[in-house]
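Visitor: After the sequence you'll find the predicted model.
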Amino acid sequence: MEFFREPKIDWMGKKWYFIGLSIPLLVAGLISIAVHRGLVYGIDFRGGTLVTVKFARDPNLDEIRNQLDKQGLRGATLQRIGAASEHQVIVGLDLKTTTSSEALDAGKRAIVDALGGLYGSGPAGKTEFNNSSPQSLAEKFITADPLQLAFKGSEAADKGYHDLADALISFKNNPPQSGLIADFQQLRAVPGVTLSVINFLNNNFYLSSYAVRNTQIVGPKVGGDLRRQALYVTLAGLGAMLVYIWFRFELIYGIAAVIATFHDVLITLGIFSLLNAVGYPGTEITLTVIAALLTLVGYSMNDTIVVFDRIRENVRLSKREDLYTLVNRSINQTLSRTILTSGLTFMAVLSLFLFGGEVIHGFALVLVVGVIIGTYSSIAIASPVLVFWRQRGGRISTTVKSKPYEREPVGARR
Amino acid sequence: MDKSVKARFLVILGVILVCVLGLTWGSGFTAFPHNIHEVRENLRNRIRLGLDLRGGTHMILQVHVEDAVNITTDVTVERVTSQLKLKNIPYGDIQKVDSTHILIKGIPAEKSVDIQDLATAQFSDWDLARVPGDPLARSLAMKVSTADLIRNQAVEQAKETITNRIDQLGVVEPEIADYGQGDYELVVQLPGVDDPTRVKDIIQSTALLELKLVQGGPYPSREAGLGEHGGILPPDSELLPGPAGAEGTPTWYLLNRVAAVTGRDLTGAQPGLDEEGKPAIHFNLNRDGAARFGQITGANIGKNLAIVLDHRVVDSPAVIQGRITDSGEIKGQFTPQKTADIALLLRSGALPASITPLQEEVVGPSLGADSIRHGVIAAIVGLIAIMGFMLVYYKESGINADVALILNLLILIAALAYFDAVLTLPGIAGVILTVGMGVDSNVLIFERIREELRSGKAVGNAVAGGFTHAFKTIIDTHVTTVVSAAILFTFGTGPIRGFAVTLTIGLLANLFTSVWVSRVIFDWVLTRRTKGEALSI
């Protein structure tokens, strides 16, 4: 099976289509960024508090917001994440609200208090089960001895109850319970659980209807420093690529590749800004997203290199050929490779995007967009820049480089 | 089978064996697994999971190193005072101007040489200089190198003290390390701790214990205390808050500034009960401390002694009834848990500087379990899709690519286990990206082989040509990605580093599998094929 057998497309002739596609995308993205007064940064850069809560039943966001308002926490953001059946919400407080008191975790504690106020704190005398640790559970088991293990000796009883507590808490934490069980009967599925254990739990524990799954607090000393650092690191990445390609090819190739990659990064940021504006989750700029952007820089260079390799090879072989036709031919020769490699990488990151979960979603989105745009830019941006340069009288080397692994073997194909 | 192919096959088998052993053996030679459960157990233990997959607490702390510098300057002021008295150098006033400067006034001209000698002999970490505009004054400035040394030592000591405290709490595999680029920050990782409140309190408590003589009090407020003394504190004294009084009213005490005994003089501290059966902390003093304590209590019978913890008086000061030497008791409104915590703090030593948290993240174990599941599913789906595609598109050569891919993954995961690298969620993303980019190497080779075959080359030459030509492109693409990963590793934090590590190791392993191993398989296929038979690609 083969997809692109000997294509003969006039790529350079389509450059106005490419410009017609890229410019509006770029402009739309830049306008969105300008309208929102810059990029929407995540908590890593802005500071604040984020608490991820899972509810047993679908929560009423307005109720929660009112409760928080009552406690003086205005301007809380509430966002549903994940599948609707998971009933998960991220509650966010910005830096000003969090640090109005002294402690770093004032915001988090306030949110937990608000939830406790709304959903009640259970009957007196009973401990909450969903937020218990294996240790505290084991201790209660040991004291009450519902399985009557004491006659086997205190060490055996200890171990027995610790194992049981670990198994119960693991069961509660694993999917699909994911930290919250609604009924003690669900625990029958755990090996070693008898009716007496369930009764004991029923009598001494209650189940809250929410569980805090994750908290993230970033204090005021965050920095404009961090933002600047992220920018420098991205520029450093681009610079390193430029140097590498300059070394392996020639300066003009390096510049063309960097322009293409820069185009990719800008469009990706623009898309993020647009998606953020319509409320798509995971589109804030966090450190993980920056890491994905840097990976994108590296990846975008990859297929640009594949095309440039072929262009350079052809330039050497047919020194007098017009660059326009030569670049077209080179792209056609490598089209199969380019589309295939990008397609396979796309399959991989698409899988991450669809199945990887919310935490890595923003990272995966950068890569999904990036792989497509990166491939497109090798053909549509990097190559035309080379042709443009030549047409303005720039020189492109046609001499043979002398590194051993670059020498063509005897009888090489044209 | 051709000899060289056989030899190379054995190398591949060797590599597989090393990888599998690395993943399933467990630590120590006796831990060879006996059944499938032990294999799974070993596997789980061999791969270290990051906090985002295991659940736990991650904190970034700021060490306020200026505290340590200030303490040194305070102590130096005392030493200067006593040395000037000792050497009979009259002085008007000695003041601490800021954290690294001391101002000495009223030095008579004829003592200039003496004070210079004293500075050179006793205060070599400081620079003595004249003060412009005042011929009788001198400034003592801490050397910059000394100040930096104190700051760095404060961070080191804080790290040690925190490690000590966390160890005593029994947290499994905690990690305390320097963080960031030189701003005196620490990162603390506590796997499995999903309610860090108690741990945070213990980490942040300065735990400075001081026993000080009481000069006056209790006063109902700081102003009342000042008022009693005409608005100015007597020299060498300070006002500190005490426990709440009968109706919750605050109390303040006037105390000697210099402590008779500090936490550094302790040899031990245990929680226990006082004579009334209420929770209290017993402590023991070392020889120096005991001697000093005996001397001060002996000389001040009838006066009150206050126990000060982190600049708060802990309980109503007791009257000194006789010489006390080697042990004592701290009483107050304590719960048994609190006495255990305070004893722990005293045993671990005081923090040399105060610590405030800058960032905190608590990943619940349920989220960690979810992340693992999502990551593994995404990896498996991606792997199956890619392997399937290669089979369909390249027919039997697709098997070649798929085998190379599986081996690539095996080497990657085994390398993580051998290097004790931490697997994070971005790390799993790195594995998935390795699969996506690794298979590209095979595509480059196969496409080139197809080109060579189309141009009429013989199968053997086409395969050789494919590998040779594609090799430099593979190197280029891998280098650019590894350079990105290296930058990420240098500037990234934990989870991102996990990504950089898995991607780099994956791509390096890919060079081996897609070029060398694929070639071996091709060579083996070629030796088995009949002359004139087409290559299935």
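Guide: Received, thanks. Residues are numbered from 1 along each chain as shown, chains lettered A, B, ... in the order given.

Visitor: what number of residues lie near residue 155?
Guide: Since you didn't name a chain, this refers to chain A. Residue A:155 has 8 neighbours, counted by other C-beta atoms under 10 Å in any protein chain shown. C-beta coordinates here come from the backbone N, C-alpha and C atoms, glycine included.

Visitor: Actually, chain B is the one I wanted.
Guide: With other C-beta under 10 Å as criterion, residue B:155 counts 18.

Visitor: next one: residue A:200
Guide: Applying other C-beta under 10 Å, I find that residue A:200 has 18 neighbouring residues.

Visitor: Show me the strands in the stretch 201-350 of chain A, by range?
Guide: Along the stretch 201-350 of chain A, counting by DSSP state E, counting those that start in this stretch, strands occupy A:205-206, A:210-218.

Visitor: do the same with the stretch 51-200 of chain B
Guide: Under DSSP E, counting those that start in this stretch, the stretch 51-200 of chain B gives strands at B:56-63, B:93-98, B:101-105, B:126-131, B:134-142, B:175-179, B:185-191.

Visitor: Throw the strands of the stretch 201-350 of chain A into a markdown table and include mean neighbour count, thanks.
Guide: Output for those, formatted as a markdown table (neighbours: other C-beta atoms under 10 Å in any protein chain shown):
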| stretch | mean neighbour count |
| --- | --- |
| strand A:205-206 | 18 |
| strand A:210-218 | 25 |
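
Visitor: worst average pLDDT in these?
Guide: Note on the strands of the stretch 201-350 of chain A: lowest mean pLDDT is at strand A:205-206, with a mean of 84.

Visitor: so what strands line up beside it?
Guide: Sheet pairing of strand A:205-206 (DSSP bridges) gives strand A:127-128 (parallel).

Visitor: Now do the same for the strand it pairs with: mean pLDDT, whole number.
Guide: pLDDT averaged over strand A:127-128 gives 80.

Visitor: Let me see the contact set for residue B:535.
Guide: B:397, B:449, B:453, B:459, B:462, B:463, B:525, B:529 (C-beta atoms under 8 Å, 6 or more residues apart in numbering or on different chains).

Visitor: Out of those, which is nearest to residue B:216?
Guide: Closest to residue B:216 out of the contacts of residue B:535 is residue B:397 (92.4 Å), distances taken as C-beta to C-beta.

Visitor: what's the distance between residue A:93 and residue B:422?
Guide: 30 Å (C-beta to C-beta, to the nearest Å).

Visitor: residues from the stretch 251-400 of chain B in reach of chain A?
Guide: B:356-371, B:373-375, B:377-379, B:381-382, B:385-386, B:389, B:392-393, B:395 (C-beta under 8 Å from any C-beta of the partner chain).

Visitor: Try it again at 6 Å.
Guide: Within the stretch 251-400 of chain B, the positions adjacent to chain A are B:357-367, B:369-371, B:373-374, B:377-378, B:381-382, B:385-386, B:393 by C-beta under 6 Å from any C-beta of the partner chain.

Visitor: out of the residues you listed, which are inside strands?
Guide: In this view, these that belong to strands under DSSP state E are B:357, B:358, B:359, B:360, B:361, B:362, B:363.

Visitor: Find the pair from those with maximum spatial separation.
Guide: B:358 and B:363 (17.7 Å).

Visitor: So if I had to pick from those two, which one is more boxed in?
Guide: Just comparing residue B:358 and residue B:363: by other C-beta under 10 Å the higher neighbour count belongs to residue B:363, 26 against 23.

Visitor: is the more buried one in a bridge, and if so with what?
Guide: Under the criterion used (DSSP bridges), residue B:363 bridges to residue A:214, residue B:56.

Visitor: quick revisit: can you list the strands of the stretch 201-350 of chain A in JSON lines and add distance to residue B:101?
Guide: As requested, the strands of the stretch 201-350 of chain A are arranged in JSON lines below (distance: least, C-beta to C-beta, whole Å):
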{"stretch": "strand A:205-206", "distance to residue B:101": "61"}
{"stretch": "strand A:210-218", "distance to residue B:101": "35"}
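
Visitor: For residue A:346, find the nearest of these.
Guide: The nearest among the strands of the stretch 201-350 of chain A, by C-beta to C-beta, is strand A:210-218 at 29.7 Å.

Visitor: Next, the angle strand B:56-63 makes with that closest one.
Guide: 30 degrees (axes from the mean of the first three to the mean of the last three C-alpha atoms, to 10 degrees).

Visitor: Provide a list of residue ranges in the stretch 151-300 of chain A with pLDDT below threshold.
Guide: Within the stretch 151-300 of chain A, the segments meeting pLDDT under 70 span A:222-224.

Visitor: Show me which of the residues of the stretch 251-400 of chain B next to chain A are buried.
Guide: B:357-367, B:369-371, B:373-374, B:378, B:381-382, B:385-386, B:393 (16 or more other C-beta atoms under 10 Å in any protein chain shown).

Visitor: Name the stretch among the strands of the stretch 51-200 of chain B that sits most buried.
Guide: strand B:56-63 (a mean of 24; mean count of other C-beta atoms under 10 Å in any protein chain shown).

Visitor: Now find how far off-centre that one is within its chain.
Guide: Centre-to-centre, strand B:56-63 and its host chain are 8 Å apart (C-alpha atoms, centre = their mean, to the nearest Å).

Visitor: just to revisit the earlier point, residue A:93 and residue B:422: which has the busier surroundings?
Guide: Between residue A:93 and residue B:422, counted using other C-beta under 10 Å, the more crowded position is residue A:93 (26 against 23).

Visitor: can you tell me how far the more buried one sits from residue B:62?
Guide: Look at residue A:93 and residue B:62: by C-beta to C-beta, they are 21 Å apart.

Visitor: what does residue B:404 give?
Guide: 49 Å.

Visitor: ok, and the closest non-adjacent residue to residue 173?
Guide: Looking at chain A here, since you left the chain open. residue B:366 (4.0 Å; C-beta to C-beta, 6 or more residues apart in numbering or on different chains).

Visitor: That was the other one, I meant chain B.
Guide: residue B:191 (5.6 Å).

Visitor: cool, and residue A:122?
Guide: residue A:206 (4.0 Å).

Visitor: What of residue B:523?
Guide: Leaving aside its chain neighbours, residue B:523 sits nearest to residue B:5 (5.1 Å; criterion: C-beta to C-beta, 6+ apart).

Visitor: So chain B: which segments form each domain?
Guide: Residue ranges for the domains of chain B, per automatic domain parsing: B:3-12+B:47-53+B:364-528, B:65-147, B:208-330.

Visitor: Out of these, which gets the lowest mean score?
Guide: Of all the domains of chain B, domain B:208-330 has the smallest average pLDDT, which comes to a mean of 80.

Visitor: interface residues of the stretch 401-537 of chain B facing chain A?
Guide: Proximity of the stretch 401-537 of chain B to chain A (C-beta under 6 Å from any C-beta) is limited to residues B:425, B:429, B:432, B:435-437, B:439-440, B:443, B:447, B:455, B:472-473, B:476-477, B:480-481, B:483-484, B:487-488, B:491, B:496.

Visitor: Can you find the residue of the stretch 51-200 of chain A that comes nearest to chain B?
Guide: residue A:179 (3.0 Å; C-beta to the nearest C-beta).

Visitor: ok, that residue - how many residues close by?
Guide: Neighbour tally, residue A:179, other C-beta under 10 Å: 26.

Visitor: Now, the contacts of residue B:535 that are in helices?
Guide: Using DSSP state H, B:397, B:449, B:453, B:459, B:462, B:463, B:525 are the members of the contacts of residue B:535 that sit in helices.

Visitor: Count the neighbours of the last one for me.
Guide: Think residue B:525. Look at residue B:525: counted by other C-beta under 10 Å, it has 19 neighbours.

Visitor: For the residue of the stretch 101-250 of chain B found nearest chain A, the count of nearby residues, please.
Guide: Residue nearest to chain A within the stretch 101-250 of chain B: residue B:194 (7.1 Å; C-beta to the nearest C-beta). By other C-beta under 10 Å, 22 other residues sit near residue B:194.

Visitor: Help me confirm that it comes into contact with residue B:364.
Guide: Yes - using C-beta atoms under 6 Å, residue B:194 makes contact with residue B:364 at a distance of 5.5 Å.

Visitor: can you tell me how far the residue nearest to residue A:173 sits from residue A:181?
Guide: According to C-beta to C-beta, residue B:366 and residue A:181 sit 11 Å apart.

Visitor: If anything else comes up later, I'll come back, but that's it for now.
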